[in-house]
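Mind looking at a prediction? Sequence and model below.
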Amino acid sequence: MATDVAVPAGLGPRTRMRNGLAGFGQSFVTDYLPAILLLVALVGAWEMLVRLLDTKPYILPAPSRIWRAFLQIRGTLPQHTRTTVGESLLGLAWAAVVGVALAAIIASLPLVRRVLYPLLVVSQTIPMVALAPLLIVWFGFGLTPKIIIVALFGFFPIVVSTVDGLTGADAEMVGLVRSMGASRLQELRHVRIPAAIPAFFAGLKIAAAYAVTGAVIGEWLGGSGSGLGLVITRSQASYRTDRLFVAVTFVALASVALFGAVHLLARLASPWMYVTKKEGPSR
């Protein structure tokens with residue numbers, strides 16, 4: 001397996017980063033190019049069906065009409081996109097910080113795990129659409145409720161994945177550092193945290209995929225100023241389905257970009273997870 005192969009010694013940080021970027025480019029072509037080609041084919045079929053069936057634009061606009069709507073509002077989209085992505089990044093950062101801290105506590109204290117873990121699972125049964133209006137009432141229409149909504153979307157997968165990574169560390173390595181007199185903090189720092197890095201990034205990628213959606217929900221229910229959620233609300237109110245599709249497309253693109261950025265960061269932070277047996281030391 002690829003995870004059983006260690007990174008060759010002697011590779012400097014720049015070499016590891018270069019190899020990580022090269023590997024990311026290769027994996028992008030092999031992993032995502034078929035999906036992109038399928039998407040292009042689906043868009044072409046969509047255009048043909050709308051024209052053949054003469055579907056009303058307010059029900060389902062053709063991709064060509066959506067493109068014209070994009071050209072009409074393209075000047076305002078960068079500001080809306082920056083606002084939504086900024087809220088997503090701030091919420092994701094808070095989810096990562098709080099999630100990792102709580103995961104470390106849960107993994108270190110069995111009693112805390114028995115008390116908090118069921119509550120974390122129950123918290124995911126609460127619909128965010130129902131909770132968002134309360135957050136807006138409590139914190140107003142500013143940036144705070146939107147960041148909280150994004151953090152709540154990403155908090156659970158980060159905590160669960162990181163806890164699994166911390167508790168799944170090599171038992172022999174844990175026993176070795178304990179036999180050498182290591183404290184719980186040293187055990188966590190030198191054994192459990194390095195072992196949990198891949199699991200943490202797995203949860204972070206899931207959280208990144210939902211971060212933009214969380215920001216849009218916050219803007220949609222209590223938007224003020226700018227944001228893609230506000231574009232969706234205004235387009236829906238004016239029956240501009242073509243502009244709504246433009247906003248949804250930008251939401252999807254922002255989510256994919258954020259997911260890709262986290263994936264790249266994971267490759268740089270844990271290069272040993274992406275080393276194959278055919279790879280050898282760079283010369």
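Right, received. Where do you want to start?

give me phi/psi at residue 142?
Per-residue torsions, residue 142: phi -90, psi -150 (degrees, to the nearest 10).

Could you report the pLDDT at it?
pLDDT for residue 142: 81.

Any idea how many residues pack against it?
By other Cβ atoms under 10 Å, the residues close to residue 142 number 12. Quick note: C-beta positions are derived from backbone N, CA and C, even for glycine.

for residue 59, same thing?
Residue 59 has 8 nearby residues by other Cβ under 10 Å.

mind checking the SS state of it?
coil (DSSP: H, G, I helix; E, B strand; the rest coil).

Now do residue 66 against residue 73, distance only.
11 Å (Cβ to Cβ, to the nearest Å).

When those two are compared, which one has more neighbours?
residue 66 (21 against 16).

okay, and the common contacts of residue 66 and residue 73?
residue 246 (Cβ atoms under 8 Å, 6 or more residues apart in numbering).

Flag the shaky bits of the stretch 151-283 of the chain, pLDDT-wise.
Along the stretch 151-283 of the chain, the parts satisfying pLDDT under 70 run over 174, 182-184, 223-224, 274-283.

wait, residue 197 sits on residue 269?
Yes: Residue 197 is in contact with residue 269 according to Cβ atoms under 8 Å; the separation is 6.0 Å.

and those two? which has more neighbours close in?
A side-by-side neighbour count of residue 197 and residue 269, using other Cβ under 10 Å, places residue 197 first with 16 against 13.

Pull the contacting residues for that one.
Here residue 197 is in contact with 165, 269-270 (Cβ under 8 Å, 6+ apart).

got it, and residue 152?
95, 128, 131, 214.

Mind doing that once more with 7 Å?
Contact analysis of residue 152 by Cβ atoms under 7 Å, 6 or more residues apart in numbering lists residue 128.

and stretch 113-125, how far from the chain's centre?
22 Å (Cα atoms, centre = their mean, to the nearest Å).

Tabulate the CA atom coordinates of that stretch in PDB.
Extracted C-alpha coordinates of stretch 113-125, given in PDB (Å, rounded to 0.1, in the frame of the first residue of the first chain):
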ATOM      1  CA  ARG A 113     -15.600  10.900  25.100                       C
ATOM      2  CA  ARG A 114     -18.500   9.000  26.700                       C
ATOM      3  CA  VAL A 115     -20.200  12.300  27.700                       C
ATOM      4  CA  LEU A 116     -19.600  14.400  24.600                       C
ATOM      5  CA  TYR A 117     -19.600  12.000  21.700                       C
ATOM      6  CA  PRO A 118     -23.300  11.100  21.800                       C
ATOM      7  CA  LEU A 119     -24.100  14.800  22.100                       C
ATOM      8  CA  LEU A 120     -22.100  15.600  19.000                       C
ATOM      9  CA  VAL A 121     -24.000  12.900  17.100                       C
ATOM     10  CA  VAL A 122     -27.300  14.300  18.300                       C
ATOM     11  CA  SER A 123     -26.300  17.800  17.300                       C
ATOM     12  CA  GLN A 124     -26.100  16.700  13.600                       C
ATOM     13  CA  THR A 125     -29.800  15.900  13.600                       C
END
